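1. sequence first, then the predicted structure:
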Amino acid sequence: MPIGFRAFALAGTLFAATLPAFSGTLDEVRKRGNLVCGVSMGLLGFSEQKPDGSWTGFDVDFCRALAAVIFDDPKKVTFQPLSALDRFDALKAGKIDILSRNSTWTLEREAGLGLLFAGVNFYDGQGFMIRRDNKAVSALELNRTRVCVQAGTTNAQGASEFFSTNSITAELKTFPDGPSTLRGFETGECDVMTADNSGLFAERLRLARASEAVILPDIVSKEPLGPVVRNDDVRWYTLVRWVNFALINAEELGVTSSNVTEAKRSTKPDVRRFVGVDGADLGPKLGVTADWAARAVAAVGNYGEIYDRNVGSKSRLGIPRGLNQLWTEGGILYAPPIR
Amino acid sequence: MMVSAYPALLIRVGIPAILVLLLGGCGTTIDEGVVTPGALTERPATIRNEQLIGKWGVASYRDEKDRKRVEAQARAQCRLPYIIAKGPSDGVMMHLADDAKLYELRIKGGSDGKTYLGPEAPPGEWQDREILSVTDREMIMRFVDPEVHGRYGTFIYVRCPG
Amino acid sequence: MTPRRALFCRSRLGGLAVTTRRGTGVVLAGLVVLAFSGAANSRQQAIPISMEIGDEPGRVATAEQIVEDGPFARQFVFFRSSEPPGTIVIHTSERFLYVVQGNNRALRYGIGVGREGFQWSGLVRVSRKAEWPDWTPPPEMIARQPYLPRFMAGGPGNPMGARALYLGSTVYRIHGTNQPETIGHAVSSGCFRLANGDVIDLFERIAVGAKVIIRHGASI
């Protein structure tokens, strides 16, 4: 990564350009007094800007958690909406400290673009939506159906691979954009619509009768989404990575936004370490305070609270936890222990 | 766009259920007033207050097939009896449906030949019970309001010993 | 001296719209208490069902009611489990009941659970199934609502709803409700309630002897 270029882009980092390796995102954020967080330009449940200018959403809450860890104040974030085209350049150019915008973790993006995914906080993947009167309960039952898919997406390729692998005869019908794909499904031109699962739940809300559509539990592709940082600051990367782990561990430990204060009096060693009552040296090793994880949970809740509020059972989207459930509860979320 | 509260639940209700609701008491609502089905006039009642006064085990049923077994259940409920006392004037102290306060209710003979129990109003008024039968050891009543009757079913009162 | 008719009607319709004054009250007061009823607790079969649901005990709900839309609607979901198909997994904090289907999926139902928190967790088995179970309101409820019958034979209008699955030798059970708008909330103190149409669906899928695993979120 061209350090000089970033320093040029961000005057505040000029001094860093003289160092052999840039390693001061955390210091820079502290000095600036807020975190600059790249989000999508408006995606139901993930990042939405309200009329008053404030932001909400799953991706937004991750940055608020990070700000709470650093400043003990989740409001110290500036959200920078970014298009799919601009997002990685903005990160590389140092215009943002972190990209929290549903971006799929791939080899190309890490090794090719010089970025690091700090983990996965949402396992998305290709799914299928059918009409309720179709009694299928599995994507394997989609033989002899017409399937609507948006042209030029990985979903078209994904669907045809899934069908051929499973000896399913299905007719793929492509549409130029999202709305026309949905219209194809709604008007009965297709029996099935396929897209990434989170997108299907959002699209379903646009149907005149959402309850007439059912989204199958199958996920047939890997779209792991997570926060992204530059690959030149391992200390920052490590902090972001552990904030994600902390939110997941909090749910597993039962630490919530409403009991996090009480948790400081817990007798359970894992809980005591989590809130920093024991193992008080762990936070400072990340460059933050002993109660860093408790700050994050106090600000936005644990992973389950964030999920439910924004995209899960307490939201309009109502996306089942599915893969994004804890490993102990039927999903695959698994965070290394804080110790 | 996101709401913090639980999203509203959409509940699908079969057409028969909607019909039941429409056919229920609301269809005949009169503001604050009294519904007088058949506009009954009052006749002397053949049932006396004394026959109602005392301790009762109370149970209810909807289906005639349950009656025998519910009768036995009513008898078993004497450990938590329903007590009917004499009222200050010429009635008995009992509850109306869905109301925890005691009222003085009066036995009213109806011109339809039935016996009603309820507040001061013409017989068969919507808050009334119809007394279906009374013996020394058991009485059976039901609410006149079809909606209330639908919810509570038919009451069996079995006189408790002592 | 008499309750106003108009109020009464609104409260009934509250069962469908959940927006009325008294309808809301019913939701909040919809405490379900299961308790041994003294005399008859010696045998499992003889344990009367006790339940408290608030101001409108016998409100008629029909067997057709299901949660039709939203997160608490019955749906197949991804669910990794090593339990055999037909096992019930209840997540009290999530307000979901899962029927394991195998192949990483489960059929998920929205449920109402204990307000106070159902303390027991672990494995039980379905010991009995009943259609339109009877109802015995607990004494505390009789004290508050003295106009209630002390026993109500099962049927439409009975607050136990259309079906009940009895859990082992406990006083707890999975049952229906005539207040489907309470699904997704904590308004009972022990029972797991499903909308009547959903509990009928569940009833048909589950055999006596099926495993029931009850889980809560971790506690600090």
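-> Received, thanks.
2. where do the strands of chain C begin and end?
-> C:66-69, C:75-78, C:88-91, C:96-102, C:105-110, C:113-114, C:122-131, C:163-167, C:173-175, C:186-188, C:192-193, C:211-215 (DSSP state E).
3. likewise chain B?
-> Per DSSP E, chain B carries strands over the ranges B:10-12, B:42-43, B:54-61, B:82-86, B:92-95, B:102-110, B:115-118, B:129-134, B:138-143, B:154-159.
4. in TSV: the ones you listed, plus mean neighbour count.
-> In this view, the C-beta of every residue, glycine as well, is placed from N, C-alpha and C. Formatted as TSV, the strands of chain B follow (neighbours: other C-beta atoms under 10 Å in any protein chain shown):
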stretch	mean neighbour count
strand B:10-12	18
strand B:42-43	14
strand B:54-61	24
strand B:82-86	17
strand B:92-95	18
strand B:102-110	20
strand B:115-118	24
strand B:129-134	18
strand B:138-143	20
strand B:154-159	23
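5. including distance to chain C, could these go into CSV?
-> Below are the strands of chain B laid out as CSV (distance: least, C-beta to the nearest C-beta, whole Å):
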stretch, distance to chain C
strand B:10-12, 4
strand B:42-43, 18
strand B:54-61, 4
strand B:82-86, 7
strand B:92-95, 4
strand B:102-110, 6
strand B:115-118, 9
strand B:129-134, 11
strand B:138-143, 10
strand B:154-159, 6
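6. can I get those in a markdown table with mean pLDDT and distance to A:Cys190?
-> Shown next, in a markdown table, are these (pLDDT from 0 to 100; distance: least, C-beta to C-beta, whole Å):
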| stretch | mean pLDDT | distance to A:Cys190 |
| --- | --- | --- |
| strand B:10-12 | 47 | 25 |
| strand B:42-43 | 90 | 70 |
| strand B:54-61 | 96 | 52 |
| strand B:82-86 | 96 | 63 |
| strand B:92-95 | 97 | 60 |
| strand B:102-110 | 95 | 64 |
| strand B:115-118 | 96 | 62 |
| strand B:129-134 | 96 | 59 |
| strand B:138-143 | 96 | 54 |
| strand B:154-159 | 96 | 54 |
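7. hmm, back to that, confidence-wise, which of the strands of chain C is weakest overall?
-> Looking over these, mean pLDDT reaches its minimum on strand C:186-188, with a mean of 67.
8. what does chain C put close to chain A?
-> C:68-73, C:75-81, C:89, C:91, C:94-96, C:98, C:101, C:103-106, C:108, C:184, C:215, C:217-220 (C-beta under 8 Å from any C-beta of the partner chain).
9. restricted to buried residues, select those in PyMOL.
-> In PyMOL, a selection of the buried entries from the residues of chain C next to chain A looks like this (16 or more other C-beta atoms under 10 Å in any protein chain shown):
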select buried, chain C and resi 68+69+70+71+72+73+75+76+77+78+79+80+81+89+91+94+95+96+98+101+104+105+106+108+184+215+217+218+220
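10. so which of the residues of chain C next to chain A also contact chain B?
-> C:Glu68, C:Asp69, C:Gly70, C:Pro71, C:Phe72, C:Ala73, C:Gly184.
11. and the first one, how far from C:Arg74?
-> This points to C:Glu68. 9 Å (C-beta to C-beta, to the nearest Å).
12. helices along chain C, start to end?
-> Counting by DSSP state H, chain C has helices at residues C:5-17, C:21-28, C:139-144, C:196-205.
13. I'd like the mean pLDDT over the shortest one, please.
-> Okay, so that is helix C:139-144. 82.
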